[in-house]
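1. Coordinates only, no sequence provided:
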């Protein structure tokens, strides 16, 4: 028995070392099938083999026989379901996401985009995270109607025209994709329309996927050190501005790790990765794919056993991915019926808005006495909900909290609710404002008494 065990142990170790040699010593691929890491596949199969062997040995013990047979039954049942899900996802319905096998395989569907033409946005700033390369330009097509949309960056990486670093009576515009004007041309977005009408420069530093912590970091590390200004406008899209990036690592994050800032419970700043170069949205990983592999491996190794098991299932199980896909599809179908607007239930007395409020408190402090205007942006579901119940617990709280800090608020919700069918103002396939939505926002703001008062404070040279 001992000789057999010794021989089996030596055989397993020899196979593992041979596969490891192919995988590691040949630069990340095994030389048999490109992209596959066979030493990792072998190790996982061997662990499953040991577990199965252990269960069958336990059937010889009367004390555990019933339990063991039940475990074997459920194991076989799971394997049958897994095979069925694989067949369904591969051969029947390919609309659902398949497992990436990213720990075992350099899946080309989960690698950084390598096209030079698409190099504009990326995780490139060590303090901010997601920003743009300077002086770049790309063209993309809008979903739904395939309208060509141009995106450019200026010398500071902002999606804007070239701006001098000094100048009188200027406004800085912060925010996320709504403020950036995603899926519309620059000339058609809110900040550009306001600038054209008032003659006051509105320097746009909005960027897609930013949250309030991102706004405050962009202001602190990009705007304030370089650009003279006399006022700040912040577009607040409460639909996702409560989102934080401090979630536990899961399979989806492992597939596309991103470098994002978040606040710890003690309000200190932290990041989801140690460096922006380890992000799948970093141009370093575009040019050095091994860095992305290192990033994924480091994230995985840092997790506990339970979290590792979940990641294994999320990246390798066809059954779990099918369940996720069906659940997501059902949730989307029921979204309009189950939607509860943040306007109605902002949860100010819960932990949910923690980072939101701390970030805006810090931003207002950084602005250092300059006038600040919050423009609160609803989505189409907020509009429909407000048209029915006229309930708004969100904006009054902001007005009260920042009233004594030189901050004023314009809420666009009543204007959009009064405009009728919200589908006329939002891109159906995406949810952002179309040209009409930006125009309605502009018409609401430009003659609003709060905005006119804000402009008077900005125009210090008048």
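-> Now that the structure is in, tell me what you want to look at. What you see is a predicted model; the values in this text were computed from it and never measured.

2. how far does stretch 178-185 sit from the chain's center?
-> Relative to its chain's centre, stretch 178-185 lies at 17 Å (Cα atoms, centre = their mean, to the nearest Å).

3. what distance separates the start and the end of that stretch?
-> With Cα to Cα, to the nearest Å as the measure, stretch 178-185 spans 12 Å from end to end.

4. Tell me the buried residues in it?
-> 178-184 (16 or more other Cβ atoms under 10 Å). Where you see a C-beta, it was placed from the backbone N, CA and C, and this is true even at glycine.

5. likewise stretch 73-85?
-> Residues of stretch 73-85 classed as buried by neighbour count (16+ other Cβ under 10 Å): 82, 85.

6. Use 612 as the first number from now on
-> That works, and once the first residue is 612, the last one we named lands at stretch 684-696.

7. Could you list the residues in contact with that stretch?
-> For stretch 684-696, the external contacting residues (Cβ atoms under 8 Å, 6 or more residues apart in numbering) are 663, 666, 928-930, 932-933.

8. Any buried residues in stretch 1058-1071, and which?
-> For stretch 1058-1071, a neighbour-count test (16+ other Cβ under 10 Å) marks 1059, 1062, 1065-1066, 1069-1070 as buried.

9. Equivalent analysis for stretch 752-765, please.
-> Under 16+ other Cβ under 10 Å, the buried positions of stretch 752-765 are 753, 760, 762-765.

10. Return, as residue ranges, the portions of the stretch 662-811 of the chain with sub-threshold pLDDT.
-> Of all residues in the stretch 662-811 of the chain, those with pLDDT under 70 make up the ranges 724-729.

11. What are the boundaries of the strands in the stretch 912-1061 of the chain?
-> Taking DSSP state E, counting those that start in this stretch, the strands of the stretch 912-1061 of the chain run over residues 983-988, 1018-1022.

12. just so I know, which of those strands lies nearest residue 910?
-> strand 983-988 (33.3 Å; Cβ to Cβ).

13. what pLDDT, on average, does that closest one get?
-> Averaged across strand 983-988, the pLDDT comes to 98.

14. same check, this time on stretch 1006-1023
-> 96.

15. sorry, back to before: what about the buried residues of stretch 752-765, which are in strands?
-> Among the buried residues of stretch 752-765, the ones falling in strands (DSSP state E) are 760, 762-763.

16. ok, back up a step: which one of the contacts of stretch 684-696 is nearest to residue 774?
-> Using Cβ to Cβ, residue 932 comes nearest to residue 774 of the contacts of stretch 684-696, at 45.8 Å.

17. Tabulate the buried residues of stretch 752-765 (CSV), appending distance to residue 838.
-> Output for the buried residues of stretch 752-765, formatted as CSV (distance: Cβ to Cβ, whole Å):
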residue, distance to residue 838
753, 30
760, 25
762, 21
763, 18
764, 15
765, 11
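
18. Out of the residues you listed, which two are the most distant from each other?
-> Pairwise over those, using Cβ to Cβ, the maximum falls at 753 and 765, 22.3 Å.

19. any idea how far residue 747 lies from residue 871?
-> 22 Å (Cβ to Cβ, to the nearest Å).

20. Looking at those two now, which is surrounded by more residues?
-> Neighbour totals were compared for residue 747 and residue 871, and residue 871 leads with 24 against 17 (other Cβ atoms under 10 Å).

21. Surely the more buried one touches residue 881?
-> No: taking contacts as Cβ atoms under 8 Å, residue 871 lies outside contact range of residue 881: 9.8 Å.

22. ok, residue 709 to residue 661 distance?
-> Per Cβ to Cβ, residue 709 is found 27 Å from residue 661.

23. neighbour count winner among those two?
-> Comparing residue 709 with residue 661 by neighbour count (other Cβ under 10 Å), the higher total belongs to residue 709, at 16 against 11.

24. does that one count as helix, strand or coil?
-> What DSSP: H, G, I helix; E, B strand; the rest coil gives for residue 709 is coil.

25. so what's it up against?
-> Residue 709 touches 700-701, 929, 932, counting by Cβ under 8 Å, 6+ apart.

26. top of those by neighbour count?
-> With neighbours taken as other Cβ under 10 Å, the top of these is residue 932, carrying 22 neighbours.

27. Next, work out how far apart the residue nearest to that one when sequence neighbours are not counted and residue 746 are.
-> Using Cβ to Cβ, 6 or more residues apart in numbering and skipping residues adjacent in sequence, the residue nearest residue 932 is residue 710, 5.1 Å away. From residue 710 over to residue 746 the distance is 40 Å, taken as Cβ to Cβ.

28. quick one, which of the two is more surrounded?
-> A count of neighbours by other Cβ under 10 Å puts residue 710 above the other of residue 710 and residue 746, at 25 against 12.

29. all helices of the stretch 962-1073 of the chain, in order?
-> Assigned by DSSP state H, counting those that start in this stretch, the helices in the stretch 962-1073 of the chain fall at 965-978, 991-1000, 1006-1013, 1024-1029, 1046-1057, 1060-1069.

30. Determine the set of other helices and strands touching the shortest one.
-> Think helix 1024-1029. With contacts taken as 3 or more Cβ pairs under 8 Å, 6 or more residues apart in numbering; DSSP states H and E, helix 1024-1029 sits against helix 991-1000, helix 1046-1057.

31. follow-up on the earlier one: could I get the strands of the stretch 912-1061 of the chain in JSON lines, plus columns for mean neighbour count and distance to residue 965?
-> Listed next are those as JSON lines, based on neighbours: other Cβ atoms under 10 Å; distance: least, Cβ to Cβ, whole Å:
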{"stretch": "strand 983-988", "mean neighbour count": "24", "distance to residue 965": "18"}
{"stretch": "strand 1018-1022", "mean neighbour count": "21", "distance to residue 965": "19"}
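
32. Dump those to a markdown table, plus distance to residue 956.
-> Formatted as a markdown table, the strands of the stretch 912-1061 of the chain follow (distance: least, Cβ to Cβ, whole Å):
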| stretch | distance to residue 956 |
| --- | --- |
| strand 983-988 | 16 |
| strand 1018-1022 | 16 |
